[in-house]
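Student: Need the 3D shape of this:
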Amino acid sequence: MGLLDKFRSRDQNESAYSAQLNTQTAEDYCNAGVALAEQGNYKEALVKFKQAIRKRSDYAEAHYNTGVTYDNLGRFAESVKCYKQAILIAPEYVEAYNNLGTAYSKLNRGVEAIKAYLQAIRLNPKFVEAHNNLGMVYYSWGSYNDALKACRRALQLAPDYAYAHYSLGLIYIDL
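Tutor: Numbers count the residues shown, from 1 in each chain. Below you'll find the predicted structure:
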């Protein structure tokens with residue numbers, strides 16, 4: 001094979017690879033991002049999630065996963081934007097409301113965190129994590145009765161939920 005043939009072969013391979021990339025769906029990019037995030041490759045995961053969003057801007061799960069990834073990087077202001085976008089697209093995305101509340105909580109924006117958790121609970125009254133998270137915001141404010149009520153509700157729903165037991169322990173220490 002001559003030098004010219006090698007270049008033609010390489011060009012054909014690159015064209016085939018490029019064509020393959022163009023056929024990937026938003027779901028393909030999102031799934032790749034999830035796999036990368038699970039391995040702790042958050043920056044690479046962000047690239048995949050953003051590719052998914054470029055392919056399909058109304059893909060709520062890609063916005064949500066981008067938010068989760070920003071959370072893992074400690075970039076909570078950016079995760080708030082992503083969760084809000086996911087909610088705008090899918091107004092009943094319960095997990096997005098819960099994570100929005102957590103991001104607000106990390107930013108010391110308790111009022112907004114409570115609103116997000118309450119909306120998650122309105123959408124799914126049995127969402128244990130949202131009840132517990134709501135309780136922890138109340139606890140951080142020193143509103144121990146509200147905190148107890150929320151965390152006890154979490155335990156009523158899931159008696160083995162370890163985080164709620166831990167949360168109650170924290171509250172009782174401060175009572």
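
Student: For this structure, which residues score under the pLDDT cut-off?
Tutor: 1-22 (pLDDT under 70).

Student: One more pass at 50, please.
Tutor: 3-4, 6-7, 15-19 (pLDDT under 50).

Student: Which residue ranges of it form helices?
Tutor: For the chain, helices defined by DSSP state H occupy the ranges 3-22, 26-38, 42-55, 60-72, 76-89, 94-106, 110-123, 128-141, 144-157, 162-174.

Student: Domains in the protein, by residue range?
Tutor: 27-113, 125-175 (automatic domain parsing).

Student: With distance to residue 119 and mean neighbour count as added columns, please give those in JSON lines.
Tutor: Using the backbone N, CA and C atoms, a C-beta is placed for each residue, glycine as well. What follows is these, written out as JSON lines (distance: least, CB to CB, whole Å; neighbours: other CB atoms under 10 Å):
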{"stretch": "domain 27-113", "distance to residue 119": "5", "mean neighbour count": "19"}
{"stretch": "domain 125-175", "distance to residue 119": "9", "mean neighbour count": "18"}
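
Student: Please report the distance of the residue most central in space within the chain from residue 23.
Tutor: For the chain, residue 68 is the residue whose C-alpha lies nearest the centre (CA atoms, centre = their mean; 3.1 Å). Distance from residue 68 to residue 23, counting by CB to CB, to the nearest Å: 26 Å.

Student: With residue 54 instead?
Tutor: Applying CB to CB to residue 54 and residue 23 gives a distance of 15 Å.

Student: same thing with residue 98?
Tutor: For residue 98, the distance to residue 23 - CB to CB - is 35 Å.

Student: Tell me who's in contact with residue 46.
Tutor: Counting by CB atoms under 8 Å, 6 or more residues apart in numbering, residue 46 touches 33, 66, 69-70.

Student: one more time with 6 Å
Tutor: The neighbours of residue 46, taking CB atoms under 6 Å, 6 or more residues apart in numbering as the test, are residue 69.

Student: same thing with residue 38?
Tutor: Per CB under 6 Å, 6+ apart, neighbours of residue 38: none.

Student: And it, how far from residue 79?
Tutor: On the measure of CB to CB, residue 38 and residue 79 end up 17 Å apart.
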